[in-house]
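Q: take a look and give me a structure for this.
(chains A, B, C and D)
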Number of protein chains: 2
Amino acid sequence: MRDVAAVAGVSLSTVSRVVNGGLVDAGMARRVHDAIEVLGYRPNLTASSLRRSDRASRTLGLVFEDVGNPFFSALHRGVEEVVRGRGFLTFAGSSDEDPARERELVESLTARGVDGLIVTPTTADHGYLLRDRSVGLALVFVDRPPRFIDADAVVSDNHGGAYAAVEHLIAHGHRRIGFLGDRPEVYTAAERHRGYRDALAAHGIDEDGLPRVHPRHRAEDARERTLALLRSEDRPTALFSSQNLITIEAIRALHELGLEHEVALVGFDDVTLSDAVRPGLTAVAQDPAELGRLAAELLLERLDGSRDPTRVLTVPTRLILRGSGELRPPAAENDF
Amino acid sequence: MRDVAAVAGVSLSTVSRVVNGGLVDAGMARRVHDAIEVLGYRPNLTASSLRRSDRASRTLGLVFEDVGNPFFSALHRGVEEVVRGRGFLTFAGSSDEDPARERELVESLTARGVDGLIVTPTTADHGYLLRDRSVGLALVFVDRPPRFIDADAVVSDNHGGAYAAVEHLIAHGHRRIGFLGDRPEVYTAAERHRGYRDALAAHGIDEDGLPRVHPRHRAEDARERTLALLRSEDRPTALFSSQNLITIEAIRALHELGLEHEVALVGFDDVTLSDAVRPGLTAVAQDPAELGRLAAELLLERLDGSRDPTRVLTVPTRLILRGSGELRPPAAENDF
DNA sequence: CTGAAAGCGCTTACAG
DNA sequence: CTGAAAGCGCTTACAG
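A: Take a look at the predicted model:
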């Protein structure tokens, strides 16, 4: 910038004004633009944000459970669609569900001066973010609400989606509905379990007698555990699978035992090719891109100075019927 | 930092040394640490990188075709695994295959002082990056090599994978092998087409007589076009599908016509649930996480000062047999 | 409308 | 080992 000023024969202030669209005489502006062209000058935005009064860096940080998970990549895309037009650039990193790793990431992001953060919270206490927020950091949680901090959040209707899925199975004659759970300490997993339980209770079904499986490592042990359940004495007539990776393994397990047309299945989260499998997968579809868009919009509102009370937005889910959830229990089962 | 110095009763330089691990008297260091604790001081990394001699910001930029595509999100994860330990934070954005958008993103990233860039190049001329590189920007291309610039790159063995896929179909008796292409101006699409053509030629099959389809919009028109092909007079006995979204539509089209056990299919790129579909999908699997890891390693080498000649690494693909590629043509077809 | 000066939060020779 | 001073590239009152 100094070089540009020298070549154009004007002051630094004038160059700054030209670059930032301030009021400058047309002739001077011309000379400055020429100098910029000749020198191939590029403004340094980090220096600019360091000095400017609002401190804005036009960068955002996304802290996801795993950037490699298609659910979060769709969410990422939703955020990008909203903030791109406003000139924001987006950092993204994975907490891997580890509170220490999450905090490390967050601090690394704030140390680099991000204007806002969109976080999929781990089970950590997020009180440590209060100080950052008090000095102007915009903060929105997504997919799960945070703990011990009052903040904007956008979540799927986990309870409602699970409730609808289980009620759908009940409507098709099932009472012995097995639950394929996720790590119960994760908010979404707990909510979906609550939806399952409430639907059973609403129809007078006792959950205690029903088989339940909680894979600890999703893709790794979900198949084995589902196989064991399907081979057991008290095999359920239907399964409700509460997470996408687990649903995939459940489909594999059913196919492996040739039970895909015998045992009904509804999965939480839609999955690629779920319509090409036979029977097609009946699924509770989330809209991750919409979660991302809404989170980004809430964030922009805060960045624009909104002091409104905190909001938690819930994105509806959609039950897609494709066959696996419409299988009926064997006739004998209907009698008991 | 000034406040810390005041509270600890030392100079700014000393605080800086403590924070950066310089040589400081133990007693003074104690006082500084206490002051940091009391004030809740957090270093400002952007100010730091502005002033330090190496200018390092410990940030990287990823410019992908689409951050929402699972292929790139797996690649992203691969990059993260490698650079996380070195304290780098990663920006990510989508070019959407638009050269102007790509350039905008790149300039937005360099203006924010990223140390390096990993780019999935569009068809643009990447000469504009030479100047950035000459002032120290590390640069690696991934998934496709760049044009008009000599640079490090990591790509899949697109030609070899396609060649193997088509040869596999030929070995199972097929000669009328239809090609489901992608936009031909994309490097990977062109390479896969070349592999298809070379395999045919090596076995004395004339490509000109074979049906070919080039969906322009992948998910949107691939199904229709494949349906039209399968309904036509010269229906092929086998399909080679050269991109994952297109493969998904091809599977849907085959199922829709009930031809999934009649017409063979090999897809480039593996797809979720491809083992649960009947017949299972025979696929050329890429390893996007490995592409990401290798790209990140090349980038770190450059950041560590390597002046070695430019390298292009090729990651092998793997043909996974699951049934759809092992279907044989109808008997009559074998005669001609 | 323009320029000289101060300063954002930090690092780095330099002299002690 | 420590501190005073200069300066990274920029913006912003302030006076003209």
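Q: the closest residue to DNA strand C within the stretch 51-200 of chain A: neighbour count?
A: For the stretch 51-200 of chain A, the residue closest to DNA strand C is A:R51, as judged by CB to the nearest atom of the strand, at 3.2 Å. No exception for glycine: its C-beta is placed from N, CA and C like everyone else's. A total of 11 residues lie near A:R51 under the criterion other CB atoms under 10 Å in any protein chain shown.
Q: repeat that for A:D234.
A: Once other CB under 10 Å is used to define contacts, A:D234 is seen to have 10 neighbours.
Q: pull the contacting residues for it.
A: Counting by CB atoms under 8 Å, 6 or more residues apart in numbering or on different chains, A:D234 makes contact with A:R176, A:P211.
Q: doesn't it lie inside a strand?
A: No. When classified by DSSP: H, G, I helix; E, B strand; the rest coil, A:D234 is found to be coil rather than part of a strand.
Q: for it, give its distance to chain B.
A: For A:D234, the distance to chain B (CB to the nearest CB, to the nearest Å) stands at 25 Å.
Q: kindly report the same for A:T14.
A: Using CB to the nearest CB, we find A:T14 at a distance of 20 Å from chain B.
Q: secondary structure element for that residue?
A: Here A:T14 sits within helix A:12-19, counting by DSSP states H and E.
Q: name the residues that touch that helix?
A: Helix A:12-19 is touched from outside by A:1-2, A:4-5, A:8, A:22-24, A:28-29, A:32-33, A:36, A:43, with contacts defined as CB under 8 Å, 6+ apart.
Q: from those residues, keep the buried residues only.
A: For the contacts of helix A:12-19, a burial check counting by 16 or more other CB atoms under 10 Å in any protein chain shown picks out A:M1, A:V4, A:A5, A:A8, A:V24, A:M28, A:A29, A:V32, A:I36.
Q: and the third one, what helix or strand is that in?
A: Under the assignment given by DSSP H and E, the secondary-structure element containing A:A5 is helix A:2-8.
Q: touching DNA strand C at all, that helix?
A: No. Residues of helix A:2-8 contacting DNA strand C under CB under 7 Å from any atom of the strand: none, with a closest distance of 7.9 Å.
Q: any idea which residue sits dead centre in chain A?
A: The centroid of chain A falls nearest to A:D143 when counting by CA atoms, centre = their mean (4.5 Å).
Q: mind checking how far the closest residue to it other than its chain neighbours is from chain B?
A: Counting by CB to CB, 6 or more residues apart in numbering or on different chains, A:T120 is the residue found nearest to A:D143 once chain neighbours are left out, at 4.8 Å. Taking CB to the nearest CB as the measure, A:T120 and chain B are separated by 14 Å.
Q: also A:R77?
A: Applying CB to the nearest CB to A:R77 and chain B gives a distance of 3 Å.
Q: A:R223 now?
A: Counting by CB to the nearest CB - A:R223 and chain B are separated by 11 Å.
Q: what's around that residue, how many residues?
A: A count of nearby residues for A:R223, using other CB under 10 Å, gives 19.
Q: which residues of chain A fall in helices?
A: A:2-8, A:12-19, A:26-39, A:45-51, A:70-83, A:99-111, A:129-134, A:158-171, A:187-202, A:222-231, A:244-256, A:288-303 (DSSP state H).
Q: can you put those helices in CSV and add mean pLDDT?
A: What follows is the helices of chain A, written out as CSV (pLDDT from 0 to 100):
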stretch, mean pLDDT
helix A:2-8, 92
helix A:12-19, 93
helix A:26-39, 93
helix A:45-51, 94
helix A:70-83, 97
helix A:99-111, 95
helix A:129-134, 90
helix A:158-171, 98
helix A:187-202, 95
helix A:222-231, 91
helix A:244-256, 91
helix A:288-303, 97
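Q: for the ones you listed, which one sits closest to B:T110?
A: Distances from B:T110 to each of the helices of chain A were compared by CB to CB, and the smallest falls on helix A:45-51, at 9.4 Å.
Q: which helices and strands sit right next to that closest one?
A: Contact analysis of helix A:45-51 by 3 or more CB pairs under 8 Å, 6 or more residues apart in numbering or on different chains; DSSP states H and E lists helix B:45-51 as its packing neighbours.
Q: name the residues that touch stretch A:44-58?
A: Residues outside stretch A:44-58 that contact it (CB under 8 Å, 6+ apart): A:1, A:86-89, A:112-115, A:136, B:44, B:46-47, B:49-50, B:57, B:111-113.
Q: mind checking the end-to-end distance for it?
A: 13 Å (CA to CA, to the nearest Å).
Q: one step back: roughly how far apart are the residue of the stretch 51-200 of chain A closest to DNA strand C and B:V15?
A: Counting by CB to CB, to the nearest Å, the gap between A:R51 and B:V15 amounts to 21 Å.
Q: I am finished for the moment; much appreciated.
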